[in-house]
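Engineer: below are the sequence and a predicted model; questions follow.
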Amino acid sequence: MSRYDDDLNLDFMPIEKKKLGKWFWISIGIVLAFIMIGLVSFLMIHHYQSTGSQVAEKTKSIVPTKTLYVPLEEEIVVGINDDAGTQHHLNIAITLVTRDESLIKLTKKHQPLIVNDLLALLGTQEYRLLSAPQGKVALREKALKVVKAIVKEQSGQDIVESLLFTKFVMD
C-alpha cells in the first residue's frame, strides 16, 4: 500500500438513496407530454404546409366551376316544308352552356355570324324528321357543331359544352 492510502478512506459507505417524490415524476411526465405534443404539432404543420399547395392544385382541377347559360338574344324563325310541300314555321330559342365567362362577350360580338349559320342549318331540315324526338336531338347536335366551330374559329378555344333548345315550336 502506498503512503497515501491511509489518508483516504476507501471503505465505501453506502449512499442513502433518496426517494424521489411522486410530484417529481408527475412533473417529468407533464414536461415530456408537452415536448411530444410540440413535436407532433410541428411535424403535422410542416407536412400539411408542404402538401397543402399540391392538394389545392388537385382540387382546382377536380372541382368544376360554375355552369353558365348564355342565351342567344334573338329567336330564330325559319320556314320548312313537309313532304306534301306545305310551308311550316320553325321557331327556336337557343341557350349555350359553358363554364367560361368569355363566351358571354364572344356570343354578343359574333351573334350575327352564329345566327346566320344556324339559319342555314335550320332551313335545310325536313318537317317529318323534326316531328320525332330523335330528329330534335340530331338537330341539336348539328347546331352544337355549328356553334362550336364558330366559337373555336373566333376565340381559338373549345368553350361551348352544350346547346339547349329553350323554345322549339313548329306549326
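Structural biologist: Perfect, thanks for sending it. Numbering: from 1, shown residues only.
Engineer: where does this protein have low pLDDT?
Structural biologist: Screening the chain residue by residue with the criterion pLDDT under 70, one finds the ranges 1-20, 48, 50-64.
Engineer: which stretches of it form strands?
Structural biologist: Taking DSSP state E as the criterion, the chain carries its strands at 68-71, 76-81, 87-98, 160-170.
Engineer: tabulate those strands (TSV), appending mean neighbour count and distance to residue 118.
Structural biologist: All C-beta spots, glycine's among them, are computed from the backbone N, C-alpha and C. Putting the strands of the chain into TSV (neighbours: other CB atoms under 10 Å; distance: least, CB to CB, whole Å) gives the following:
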stretch	mean neighbour count	distance to residue 118
strand 68-71	15	13
strand 76-81	15	6
strand 87-98	17	7
strand 160-170	15	10
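Engineer: got those strands as CSV, with distance to residue 133 columns?
Structural biologist: Conversion of the strands of the chain to CSV gives the following (distance: least, CB to CB, whole Å):
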stretch, distance to residue 133
strand 68-71, 22
strand 76-81, 17
strand 87-98, 15
strand 160-170, 11
